[in-house]
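**Student:** Output the structure for:
(chains A and B)
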Number of protein chains: 2
Amino acid sequence: MDPVNDLDTELPGHVERALADYLERAGEGIGHVEQFAEPRRALVSFVLGGGKRMRPTFAWWGWRGAGGASGGERAEATLYAISALELIQACALIHDDVMDDSHSRRGAPTVHVSFAAKHTERDWHGSAERFGLASAVLIGDIALAWADDMFNSAGLPATALSAAQPAWHAMRTEMLAGQYLDIVNQVTADPSPEAAMRVDELKTAAYTVQRPLHLGAALGGAGPELIAELQAFGRDVGIAYQLRDDLLGLYGDPAVTGKPAGDDLREGKRTLLVALGLEHAKQQGKHALAATISDAVTGPEPTDTQIERAVSALDEVGAVDSVERRIGELTGSALAALERADVAEPAATKLAELAHTATSRTF
Amino acid sequence: MDPVNDLDTELPGHVERALADYLERAGEGIGHVEQFAEPRRALVSFVLGGGKRMRPTFAWWGWRGAGGASGGERAEATLYAISALELIQACALIHDDVMDDSHSRRGAPTVHVSFAAKHTERDWHGSAERFGLASAVLIGDIALAWADDMFNSAGLPATALSAAQPAWHAMRTEMLAGQYLDIVNQVTADPSPEAAMRVDELKTAAYTVQRPLHLGAALGGAGPELIAELQAFGRDVGIAYQLRDDLLGLYGDPAVTGKPAGDDLREGKRTLLVALGLEHAKQQGKHALAATISDAVTGPEPTDTQIERAVSALDEVGAVDSVERRIGELTGSALAALERADVAEPAATKLAELAHTATSRTF
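**Tutor:** Alright, predicted model coming up:
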């Protein structure tokens, strides 16, 4: 079977093929600048080196749910357009690692750390750290610029491109606003569940699920009603997915999650889990447990023991149960929204499956 | 006279009107997120707070040179599209200031410095410096994303949008590749005039003059011949402008240039002036002068005296004269290319004027 006739099967592989093809050609006008080969290679291996391809996957099923074809020329153009979401994500992650000064990602050194290492190895002038930072800022910028280029040169008809603009525009702004809100919550140590939810709504729900579905559906010519229903589904799945991710970050297996357990606490991230932990502890009059949780997220450089105690405290006050319950409720309401929506098959079945896997304990 | 009927007059004012209008509406879907008001305001005041609007100006005269109208609906859409160039430039400058850790720009604190100061004033948690850096990275990203959004939602006909894609894509990649090349030249201390010229070609010539002209001309429906002629003109004007800027940075009045004299040397920038200074000094056997120049750009934190001596040394070995001669030659060849080109009036006259002002001693 010609794979182009059935993009439904092995979708992540097709997304990677589209990305590899685009990145081969991107910025070809500056091929003569040999120094640019290194940052380009770094971006290519970052983009092709991993990731669940969640955003293009939701976008694809938005397209299919709106009646878009599974193969042929138009489907191929759509595949290219939605694969560009992985370039936005590359910018988000590369810049996020700079902002948090994270040292590893997917088991490899982060971009700024790896460029700082090149500087040191080659005995270059000036500060290696600063060179690493500057390189990663620029490589993230290139990813963001190329995301737009890939999207706009995917070969979509002008009407589809125009119908998709609102989703494309909103998605990037929501991601960046969500990132900013996240750092503001950290530095202000905002303890409220509402603050945590606002970040989850923008950074994960909107950017990761809701807008990709909106984008795909708009490319498939969906009307406002179907788009609204898919967005309602996407919002709830997206928040539930983030809550699962928060739990896995503390109680999951680092070999599976790819990052050390407790990193969110170490970075002072104000997740809903932490906010509910503080709220529950106070309601139960357990001030020592509240202090244990609070110290781990606001204190300077918590020790591993402090992290372990905070992780236990969150469980003990019932925050883990509360978050599990919310995941269940959100998954339920997402599936109900999907039932109500007029989504074409096989997309309806696929989206229901995605709602389960994205929010399940083993994802 | 209705200003919309004659955008030729007071063009920078029209560009600012378009930017103010767009920024008022940009990302309106997240208006409810009150924490986002501060980075948005910072971006708005950065974009509206200054700048010569060179890139939209060259793009406008590319449009007019290809026969585009000076007013009316289509001209207004073009104005919006090319004003987006100022948002790309905002990203370039905000990120550049982060990368160089510059503290002031246009007489005001840079974005990362001002956000670090907010953190300190408010006694927030964690590192003020890191918060400043993260905020500036995100605000620059927002500028880059909104540049694309503004360009793509300017109301251009699909054919014009599609004709302009190659210029729009190449321009952003060339800018970012030029920035990367610039930092590589600094850390490798590449002393060759060729390395300096490669940066000037990408970062200034292509990004500031050549591609804006290409973009405007493509929006006006120019054929490949006119585009090639305008690009030849733009390349030479762009390089000459950068060489003038390098001279003004060392020999100009800080009150006019807006930055302390000698900053390029302090930052270790490998300008053509420095490269020729080193080359001339060696050819003349003046090794002490070569060392003076070299130490100022490669040494750690040169003193004001070291900077002053390097500035004198560059003049003494004849590098200033060489650069002045090149500026003259490039301006001449640019004007010759313009003569040959089939550029509609009043654009031909305006572009010739721009070639003079951009490369003159008083710009």
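**Student:** A:R211 and A:I88: what is the separation?
**Tutor:** 10 Å (CB to CB, to the nearest Å). Backbone N, C-alpha and C define where each C-beta goes, glycine included.
**Student:** shared neighbours of those two, which are they?
**Tutor:** A:M171 (CB atoms under 8 Å, 6 or more residues apart in numbering or on different chains).
**Student:** of those two, who's got more company?
**Tutor:** A:R211 (30 against 25; other CB atoms under 10 Å in any protein chain shown).
**Student:** Run through the residues that contact that one.
**Tutor:** Per CB under 8 Å, 6+ apart, neighbours of A:R211: A:167, A:170-171, A:174, A:234.
**Student:** between those residues, which has the most around it?
**Tutor:** Within the contacts of A:R211, most neighbours by other CB under 10 Å means A:G234, with 28 neighbours.
**Student:** Isn't that residue up against A:L213?
**Tutor:** Yes. Counting by CB atoms under 8 Å, A:G234 does reach A:L213; the two are 4.5 Å apart.
**Student:** what residues do these two have in common as contacts?
**Tutor:** A:F58.
**Student:** if we can go back for a sec, which of the contacts of A:R211 come close to chain B?
**Tutor:** A:170, A:174 (CB under 8 Å from any CB of the partner chain).
**Student:** In helices, which of the contacts of A:R211 fall?
**Tutor:** A:167, A:170-171, A:174, A:234 (DSSP state H).
**Student:** and the residues you listed as JSON lines, adding pLDDT?
**Tutor:** Below are those laid out as JSON lines (pLDDT from 0 to 100):
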{"residue": "A:A167", "pLDDT": "96"}
{"residue": "A:A170", "pLDDT": "94"}
{"residue": "A:M171", "pLDDT": "95"}
{"residue": "A:E174", "pLDDT": "94"}
{"residue": "A:G234", "pLDDT": "97"}
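**Student:** which parts of the stretch 151-300 of chain A sit against chain B?
**Tutor:** Counting by CB under 8 Å from any CB, the stretch 151-300 of chain A sits next to chain B at A:152-153, A:158, A:161-162, A:165, A:169-170, A:172-174, A:176-177, A:179-181, A:183-184, A:186-189, A:198, A:202, A:268, A:298.
**Student:** Can you say which of those are buried?
**Tutor:** Neighbour-count burial (16 or more other CB atoms under 10 Å in any protein chain shown) is assigned, among these, to A:152-153, A:161, A:169-170, A:172-174, A:176-177, A:179-181, A:183-184, A:186-187, A:198, A:202, A:268, A:298.
**Student:** I'd like the ones in helices among the contacts of A:R211 laid out as TSV, including distance to A:R25.
**Tutor:** TSV is the format used below for the ones in helices among the contacts of A:R211 (distance: CB to CB, whole Å):
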residue	distance to A:R25
A:A167	25
A:A170	28
A:M171	24
A:E174	29
A:G234	31
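**Student:** Could you list the low-confidence segments of the stretch 1-150 of chain A?
**Tutor:** Flagging of the stretch 1-150 of chain A using pLDDT under 70 yields the residue ranges A:1-4, A:31.
**Student:** coming back round to it: any idea which of the ones in helices among the contacts of A:R211 is the one closest to chain B?
**Tutor:** Proximity of those to chain B (CB to the nearest CB) peaks at A:A170, which lies at 5.0 Å.
**Student:** Skipping its backbone neighbours, what lies nearest that closest one in space?
**Tutor:** Leaving aside its sequence neighbours, A:A170 sits nearest to B:G29 (CB to CB, 6 or more residues apart in numbering or on different chains; 5.0 Å).
**Student:** Confirm that the one you found sits in a strand.
**Tutor:** No. Under DSSP: H, G, I helix; E, B strand; the rest coil, B:G29 sits outside any strand and is assigned helix.
**Student:** Tell me how chain A divides into domains.
**Tutor:** A:1-156, A:158-363 (automatic domain parsing).
**Student:** quick one: the first one to chain centroid distance?
**Tutor:** On the basis of CA atoms, centre = their mean, to the nearest Å, the separation between the geometric centre of domain A:1-156 and that of its chain is 13 Å.
**Student:** same question, stretch A:190-202
**Tutor:** 17 Å.
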